[in-house]
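[1] okay, predicted coordinates and the sequence, questions at the end:
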Amino acid sequence: DVYKRQITNSIANYGKQKTELHIAIAPTKNNDRTEWFVEKATEIGIHTITPIKCTNSERTVIKNERLIKVAVAAMKQSLKAYLPTIAEMQNVAELISNSANFNGQKFIAHCEKEGQDHLNKVYKASSNALILIGPEGDFTREEIELAKHNGFIEISLGSARLRTETAAVVACTAFNLAQSNA
């Protein structure tokens, strides 16, 4: 029985990265774009995806079963053996407030001000990361301040204004590139 459990755990964790990336993303108005992000993030490598409800969110309901099916298909297609956790939708303020026990670096990507450091400058490779990606209308000033108050670092994902799902893929890619260069 113990042997069987060890094999099951080995299979479940095959392909799992040593460092964990958790992206909390506001689902897009067009559900296909959110599914596209889940597919690409699964192919690239991610540990957890949490849909978040923000003040400016266009979509406040999401079907987790559908996102899990998308992730499973992406896993098969890319020959990845690790299925990321797709958490239930959460209010962004709750997620931020409950992040005190997160073991790693915490970031919030937003478009509000210039001069923020790019994720690849402030992320320390080999540490877990939690990255917040806001809705099409961006995070509100209050959401940004709450995140900063709870230890999140404001980051940029480049000089271009990116769609929500593109920003999340850029963050996922930057994280994974940092791991491969560590």
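    Thanks, I have the structure now. If you're wondering where the values come from, they're calculated on a predicted model, not measured in any experiment.
[2] tell me, what residue is most central in this protein?
    With distances taken as CA atoms, centre = their mean, the residue of the chain nearest its centroid is I23 (1.1 Å).
[3] tell me the SS of that residue?
    Classification of I23 by DSSP: H, G, I helix; E, B strand; the rest coil places it in strand.
[4] hey, what's it bridged with?
    Residues in a beta bridge with I23, per DSSP bridges, are I49, I131.
[5] wait, doesn't it sit right on T42?
    No - taking contacts as CB atoms under 8 Å, I23 lies outside contact range of T42: 11.3 Å. Just so you know, the C-beta spots here come from the backbone N, C-alpha and C atoms, and that holds for glycine as well.
[6] just the buried residues of stretch 144-157, please?
    144, 146-147, 150, 152-157 (16 or more other CB atoms under 10 Å).
[7] out of those, which are inside helices?
    Counted as lying in helices by DSSP state H, out of the buried residues of stretch 144-157, are 144, 146-147.
[8] closest one to V72 out of those, please.
    For those, the closest approach to V72 (CB to CB) belongs to A147, at 31.2 Å.
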